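1. need the 3D shape of this:
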Amino acid sequence: MAFNKDILDRIDNLHIKRYELAYYAGVDRVTLWSWLKTPLTADREQQINDAIQKVIENREDIVI
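-> Predicted structure coming up:
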């Protein structure tokens, strides 16, 4: 069973590096990876989605 497939697909489709996402989420990349391997709480899911948005806003190579 794959947890958080929608988030992982979004990260991969946008070519976001895990360390980059972890930076904007304010957590260590190991912590982020462990979060993504288990069901997310609503707070963690929001934190990750906010971080994805911050990456998009701060990178010029991502076009939506």
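
2. pLDDT weak spots in the chain?
-> The chain contains residues with pLDDT under 70 at 1, 62-64.

3. report the longest helix in the protein, please.
-> helix 42-58 (DSSP state H).

4. what are the buried residues along that one?
-> Buried residues in helix 42-58, counting neighbours by 16 or more other Cβ atoms under 10 Å, are found at 44, 47-48, 51-52, 55. Using the backbone N, CA and C atoms, a C-beta is placed for each residue, glycine as well.

5. same check, this time on stretch 2-17
-> For stretch 2-17, by 16+ other Cβ under 10 Å, it's 4, 7, 11, 14, 16.

6. tell me the one of those nearest Y24?
-> Ranked by distance to Y24 (Cβ to Cβ), those are led by I16 at 9.2 Å.

7. measure the closest residue to the closest one other than its chain neighbours to L14 for me?
-> Spatially, and ignoring its direct neighbours in sequence, I16 is nearest to V55 (5.3 Å; Cβ to Cβ, 6 or more residues apart in numbering). Separation of V55 from L14 (Cβ to Cβ, to the nearest Å) stands at 7 Å.

8. quick one: which helix or strand includes W33?
-> Following DSSP states H and E, one finds W33 within helix 29-36.

9. check what contacts that helix and list those residues.
-> 3-4, 7-8, 18-19, 21-22, 25, 27, 44, 48 (Cβ atoms under 8 Å, 6 or more residues apart in numbering).

10. nearest to D61 among these?
-> So of the contacts of helix 29-36, ranked by how close each gets to D61 (Cβ to Cβ), first place is L21, at 14.9 Å.

11. where's the spatially closest residue to the closest one that is not a sequence neighbour relative to E45, distance?
-> Spatial nearest neighbour of L21, excluding adjacent residues (Cβ to Cβ, 6+ apart): A51 at 5.3 Å. Remark: distance between A51 and E45 (Cβ to Cβ) = 11 Å.
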